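Engineer: Need a 3D model of the sequence below.
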Amino acid sequence: MGALNTKIIFRFLGVTAMLNGFFMLLSFPFSVYHDESAKWGILNAGIVTGIIGMLLFFLNKPKSKIIQKKEGYLIVTLGWLILTCTGMLPYLFSESIPNITDAFFETISGYSTTGSSILNDIEAMPKGILFWRSATHWIGGMGIIVLTIAILPLLGIGGMQLFMAEAPGPSADKLHPRITDTAKRLYFIYVILTIVQFLLLKVAGMTWFDAINHAMATMSTGGFSTKNSSVAFYNNMPFVQYIIIFFMLVAGTNFVLTYFALKGKVRRVFESEEFRYYFFGTLIFSAIIASIIIFYQDPNLKTTIDHPMVYGKVESAIRHSLFMVLSVVTTTGFVSADFTMWHFFITGIFFALFFTGGSAGSTSGGIKIVRHVIMLKNSFLEFKKALHPNAIIPVRLDGKAVNHTIVFNILSFFIIYMLIFIVSSVVLTLFGLDFMSALGAAASSLGNIGPAIGSVSPVDSYAHLSDAAKWFCSFLMLIGRLELFTVLILFTPFFWRKN
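Structural biologist: Here you go, the predicted structure:
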C-alpha cells in the first residue's frame, strides 16, 4: 500500500464539517424564537464551522479519488474528532459551557450517543443549546460518515471503505448492491422513524420542543433529555414512556431488519437469531426485575418509583423494569427510575447488562448481541470438539456457517474490550474515583451507555469528575463508538508503514 492520500482525507473532513455547520444553524431558530442571547453564539459557531469545512474542502483537490482502508480508518476517526472539536463551539461561543474540558466531554458524549452529561441543571440551559445537544446525538446515531457516503457520488468518490469502518457490528449488511443507495435507505428509515416518534410523543402530551428532542435522542440511542430527571419527569404519563420503550426497541434492532419489517416482511425479523436473543432476552430480564420489585423490594428502601401510580404498583414495576432494561441494553441511557436504589441483586443485573449492547447494524453501542451469540456457540462447540477432536463443526448463525476469521475477530474484540475495561477502571481510580464509580464510569463510557453505578448513577452527572477523568472517559467514548479497532489501529506502527 502506497503513501496516504492526505488530500482526500482533508477533503472528506471538509464535507463533514460543512454538514456539521448546517445542522448547527438549524439550532439558531430555536434560540431566536425564545429570544435567547445564546443565539449569536450558535450562529457564529455555525458560520465558523462552515468556513472551516469549505477551506478543508476547496483547498484539497486530490489527484486520486480512491479511498483505501488506511484512508477509511483515518477519515472515520478524524471525522469524529472534527465533529467534536467544531461541535463544542456552540457551547463555548454562547458560554453555556465555558470550560473546554466540559464542552468537549458533553459534545463527544453527544456524538458517540453515550448520554453522559456534566450538566447539573439541564432545564436552565437555553433552548437552542438543548436542541443542538440533542442534534449531536441524532447526527452521531447513524453516523454522519454514512450520511456523507450518500452524497459521495457528487464528489466522485467510492464509499465502501468508509462504510465498513463506520458500520457498527461485526459485519455491514447491505440493502442494495450500491453502498451509497444503502446509506440513503438507512437514513430514510432513520428520518421517518424519528418523525413518527416525534408526532406520537406530541400526541401523548409532550410539548413540541420536548418531543423532537426526545425523538432524536431515542432513535440515536443517545439519552440526552431536556429534563433534569430525564424521562422520570413523565412518570405520571405512562403512554409517553411506552412510546419511548417501543422506539428504543426499534433503535436497538438491526436497521436492515427494520427495513424488511417496514416492507411487510416481518417473518424475516424473527428469523434472525440475534433479534430473537435481543427481544426475548429483554423480556426475560425485565420480568425478573419486575418480579423482584413487586415481591421482594424493601418497602422502606427509597426508590424513584411512586406506588401506586396510574395503573398501580404492578404496572409501574413492569413499565420501569422494561424501560430501564431496554435503556441499558440499547445503550440509550434514558432514566425513568434509579435502579441503584432497588434491590442489590437488580443493580448486579444491570451492571451485567452494561456488557451486552443492542443489535449489530443498529445505532446502539456496546459489545453487541451477535458477538455474544457467536462466542457462546463457539464455546459450546469447543466442548463437542473435546469429545470429537477430528470433527469439523462450524459455528452457525441463522443456519449459515460463520467464517473462522469472523469468529477469531469477535473473540479478539471481546478480549480487548474487557482488557480495556479492566485497565480503564484502574486508571479512573488514579483520577480520584472510588472503585465502584470507576467500574461504572469505565463500563458506561466504553459501552456508550450513560447512566452507571456509584457516584455516576442514573440520577448523577459527571460534573464532579476531574479534568483528567473527563478526558479519559471522552477517549473511551470515542473508541467505544467506533468499535475499538477503527481507532486503536491508528496507534500501531504497521499502520503507518508505506508498504
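
Engineer: Can you report how many residues lie near residue 379?
Structural biologist: Other residues near residue 379 number 11, with proximity taken as other C-beta atoms under 10 Å. Where C-beta positions appear, they are placed from N, C-alpha and C, glycine not excepted.

Engineer: Name the residues that touch the helix or strand hosting it?
Structural biologist: For residue 379, the host element (DSSP states H and E) is helix 369-387. Counting by C-beta atoms under 8 Å, 6 or more residues apart in numbering, helix 369-387 makes contact with 169-170, 273-274, 277-278, 281, 356-360, 391, 393, 395-397, 402, 406-407, 410-411, 413-414, all of which sit outside it.

Engineer: Which among those count as buried?
Structural biologist: Buried positions within these, assessed by neighbour count (16 or more other C-beta atoms under 10 Å), are 169-170, 273-274, 277-278, 281, 356-360, 395, 397, 402, 406-407, 410, 413-414.

Engineer: give me the low-pLDDT residue ranges for the stretch 1-150 of the chain?
Structural biologist: Counting by pLDDT under 70, the low-confidence segments of the stretch 1-150 of the chain come to 1-2, 144-150.

Engineer: re earlier: state the next helix or strand along the chain beyond the helix holding residue 379.
Structural biologist: strand 396-397.

Engineer: The helix or strand just after that next one pairs with which strands?
Structural biologist: Per DSSP H and E, strand 396-397 leads on to strand 400-401 as the next helix or strand towards the C-terminus. Partner strands and pairing direction for strand 400-401 (DSSP bridges) are strand 396-397 (antiparallel).

Engineer: For the partner strand, which outside residues touch it?
Structural biologist: For strand 396-397, using C-beta under 8 Å, 6+ apart, the contacting residues are 273, 274, 370, 373, 374, 377, 402.

Engineer: between these, which is nearest residue 418?
Structural biologist: Of all the contacts of strand 396-397, the one with the least separation from residue 418 (C-beta to C-beta) is residue 374, at 15.9 Å.

Engineer: State the distance from the closest one to residue 331.
Structural biologist: Taken as C-beta to C-beta, to the nearest Å, the spacing of residue 374 relative to residue 331 amounts to 20 Å.

Engineer: Which one's more surrounded, the two?
Structural biologist: Set side by side, residue 374 and residue 331 show unequal neighbour counts under other C-beta under 10 Å, the larger going to residue 331 at 33 against 24.

Engineer: wait, is the more buried one part of a strand?
Structural biologist: No - note on residue 331: no strand contains this position according to DSSP: H, G, I helix; E, B strand; the rest coil, which reports coil.

Engineer: check contacts around it.
Structural biologist: The contact partners of residue 331, by C-beta under 8 Å, 6+ apart, come to 113-114, 221, 252, 357-358, 364-366, 447-450.

Engineer: Ok, residue 427 next?
Structural biologist: When contacts are counted by C-beta under 8 Å, 6+ apart, residue 427 is found next to residue 472.

Engineer: Could you do residue 210 as well?
Structural biologist: Contacts were defined as C-beta under 8 Å, 6+ apart; by that measure residue 210 touches 201, 226, 227.

Engineer: nearest to residue 209, of those?
Structural biologist: When the contacts of residue 210 are compared for distance to residue 209 (C-beta to C-beta), residue 226 comes out closest, at 7.0 Å.

Engineer: give the contact list for the closest one.
Structural biologist: Here residue 226 is in contact with 122, 123, 130, 134, 209, 210, 213, 214 (C-beta under 8 Å, 6+ apart).

Engineer: Please name the nearest non-neighbouring residue to the first one.
Structural biologist: What it means is residue 122. Nearest residue to residue 122 in three dimensions, chain neighbours excluded: residue 228, at 5.2 Å (C-beta to C-beta, 6 or more residues apart in numbering).

Engineer: With the last one instead?
Structural biologist: Nearest in space to residue 214, with sequence neighbours left out and distances taken as C-beta to C-beta, 6+ apart, is residue 201 at 6.0 Å.

Engineer: and what of the fifth one?
Structural biologist: If you skip the residues right next to it in sequence, residue 209 has residue 127 as its closest partner in space, 6.4 Å away by C-beta to C-beta, 6+ apart.

Engineer: Tell me who's in contact with that neighbour.
Structural biologist: Taking C-beta under 8 Å, 6+ apart as the definition of contact, the neighbours of residue 127 are 30, 31, 33, 34, 36, 209.

Engineer: can you redo these as JSON lines with neighbour count?
Structural biologist: Converted to JSON lines, the contacts of residue 127 look like this (neighbours: other C-beta atoms under 10 Å):
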{"residue": "30", "neighbour count": "22"}
{"residue": "31", "neighbour count": "25"}
{"residue": "33", "neighbour count": "12"}
{"residue": "34", "neighbour count": "13"}
{"residue": "36", "neighbour count": "19"}
{"residue": "209", "neighbour count": "17"}
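
Engineer: Looking at those, spot the one nearest residue 464.
Structural biologist: Minimum separation from residue 464 among these (C-beta to C-beta) is found for residue 36, which lies at 27.6 Å.

Engineer: Just give me the neighbour total for the residue nearest to the closest one when sequence neighbours are not counted.
Structural biologist: Sequence neighbours aside, residue 126 is the residue nearest to residue 36 in space, at 4.3 Å (criterion: C-beta to C-beta, 6+ apart). Applying other C-beta under 10 Å, we find 21 residues neighbouring residue 126.

Engineer: do you know how far residue 126 is from residue 35?
Structural biologist: Taken as C-beta to C-beta, the spacing of residue 126 relative to residue 35 amounts to 10 Å.

Engineer: what packs against the strand or helix carrying residue 13?
Structural biologist: Assignment of secondary structure by DSSP H and E places residue 13 within helix 6-26. Other helices and strands packing on helix 6-26, by 3 or more C-beta pairs under 8 Å, 6 or more residues apart in numbering; DSSP states H and E, are helix 38-58, helix 69-87, helix 127-142, helix 144-149.

Engineer: Name the residues of the helix or strand where residue 442 lies that are buried.
Structural biologist: Under the criterion DSSP H and E, the helix or strand holding residue 442 is helix 435-446. Buried residues in helix 435-446, defined by neighbour count with 16+ other C-beta under 10 Å: 436, 437, 438, 439, 440, 441, 442, 443, 444, 445, 446.

Engineer: between these, which is nearest residue 352?
Structural biologist: Closest approach to residue 352 among the buried residues of helix 435-446 (C-beta to C-beta): residue 443, at 10.0 Å.
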